[in-house]
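A.B. asks: 3D, please:
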Amino acid sequence: MIGHLEQKILFQHLPGVGAATYWKLLERAPSLSAALQASPDDFSDILPEEARQQIKEWQQYGDEHALAIRARSDIAWAERHRVSILDTDHENYPELLREIKRPPPLLYVAGDPVQLSFPQVAVVGSRNPTPSGRGAAFEFSKLLASSGFTITSGLALGVDAAAHQGALSCQGKTVAVLGTGIDQVYPQRNKQIADQIISGGGALLSEFPLGTAAQAANFPQRNRIISGLSYGTLVVEAAVRSGSLITARYALQQNRELFAMPGSIHNPLAKGCHALIKDGAKLVEKAEDIVEELKGFLDMKWQQLSLTNIPDTRQIASEIVANEQEEVVLAQLGYDVTPIDVLAERTKLPIGDVMACLLTLELKGLVANIGTGYMRIKLGDITAAGLVL
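C.D. replies: Numbers count the residues shown, from 1 in each chain. Predicted coordinates for the structure are as follows:
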């Protein structure tokens, strides 16, 4: 009998099924395993005829059936290419995504799967933006990433690509959600960006099985993941009828914050944003507006992540002697994420000295390295973590 993960992959490869079918099935059966062992005709109102026929054949031939062979092949491919396959029970499956209606039963992740649980802001918009729209997506994403947010988008041309590039430009983290299989980067023109996302510590992810090519119906489905992963969604430029507005609707349904950037009344790509603002989306003119709105979520999440990852440094701390430079650096460091170059500017110290101070402060448990910068750890948090100062 094939394993739990193989069963889910096998199910994915059945014709005419998806996340909605999976969750409908589990409303009637105690588990996917039980559903696959039952008579497929018991689910004739849920499963297409061709899918039912393939389940019957699999029940007859077992591990030798083509679907079982393909499931094992997919797992082997993922292991060779360092792709993580996460089901909803996996420790790295993002909690925020698990909360949405009918979340993806499986996620295929290239890159760092832990990044999916970091605080994210989705940035979406037109595939054919104006130069100012493209520039705004880049600059907003750069500042948001510098402030500690992971930028999430869909790797499409236009605003999506600019958003990913903005985050990468400041060594920030970014996540790209694909509307294809994880082995089918689309559009191919953005393959270089995809590679940079992974090498920069971010992630690519897809809910679709390996080999899934670009299909129009998959992209709206993909959009619910983009908004579902994020505390808020920013729409930069969008026509009245566009995929970005689908993402915006998902954000509202998922009880996420929605932001829209206004534009000229003569710009057709501003009309979608204006419609969102009329319907209650928050109008934003600068990235700081979003940071201020989501600051509470950001602080709470980084605090949780910091406490989870803080090592026991009691013995190390007792062996490290404080110096005046450390006090200067610590005085200029708050509870928000601060990049090293900003600290160097604030303290007027050489960047090498700042980095040395941060290293010893981190060993003492006084600060945490968040990737895009450092933040001070509150005394109460250190005590809760069992550290002695």
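A.B. asks: low-confidence ranges in this structure?
C.D. replies: By pLDDT under 70, the low-scoring segments of the chain are 1, 301-323, 352, 371-372, 378-389.
A.B. asks: spell out the secondary structure type for Lys85.
C.D. replies: Not quite, residue 85 is Ile, not Lys. strand (DSSP: H, G, I helix; E, B strand; the rest coil).
A.B. asks: who's it bridged to?
C.D. replies: For Ile85, the beta-bridge partners under DSSP bridges are Tyr108.
A.B. asks: what about it, how many neighbours?
C.D. replies: Ile85 has 19 neighbouring residues, counting by other C-beta atoms under 10 Å. For every residue, glycine as well, the C-beta is placed using N, CA and C.
A.B. asks: who's in contact with the closest residue to Ala38 other than its chain neighbours?
C.D. replies: The shortest distance from Ala38 to any non-neighbouring residue, by C-beta to C-beta, 6 or more residues apart in numbering, is to Ala29 (6.7 Å). By C-beta atoms under 8 Å, 6 or more residues apart in numbering, Ala29 lies in contact with 35, 38, 43.
A.B. asks: distance of the last one from Gly148?
C.D. replies: Looking back up the chat, that one is Phe43. Per C-beta to C-beta, to the nearest Å, Phe43 is found 45 Å from Gly148.
A.B. asks: between these two, which is the more surrounded one?
C.D. replies: Each of Phe43 and Gly148 has its neighbours counted (other C-beta under 10 Å); Gly148 has more, 26 against 18.
A.B. asks: buried residues in stretch 81-95, which are they?
C.D. replies: 83-86, 93-94 (16 or more other C-beta atoms under 10 Å).
A.B. asks: out of those, who's nearest Ala238?
C.D. replies: Pro94 (25.3 Å; C-beta to C-beta).
A.B. asks: next up, phi/psi of Pro187, please.
C.D. replies: phi -70, psi 150 (degrees, to the nearest 10).
A.B. asks: and the protein, what are its domains?
C.D. replies: Domain ranges of the chain: 4-80, 95-293, 310-384, per automatic domain parsing.
A.B. asks: could I get these as JSON lines with distance to Asp299?
C.D. replies: Listed next are the domains of the chain as JSON lines, based on distance: least, C-beta to C-beta, whole Å:
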{"stretch": "domain 4-80", "distance to Asp299": "32"}
{"stretch": "domain 95-293", "distance to Asp299": "9"}
{"stretch": "domain 310-384", "distance to Asp299": "6"}
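A.B. asks: give me whichever of the ones you listed is most buried.
C.D. replies: domain 95-293 (a mean of 21; mean count of other C-beta atoms under 10 Å).
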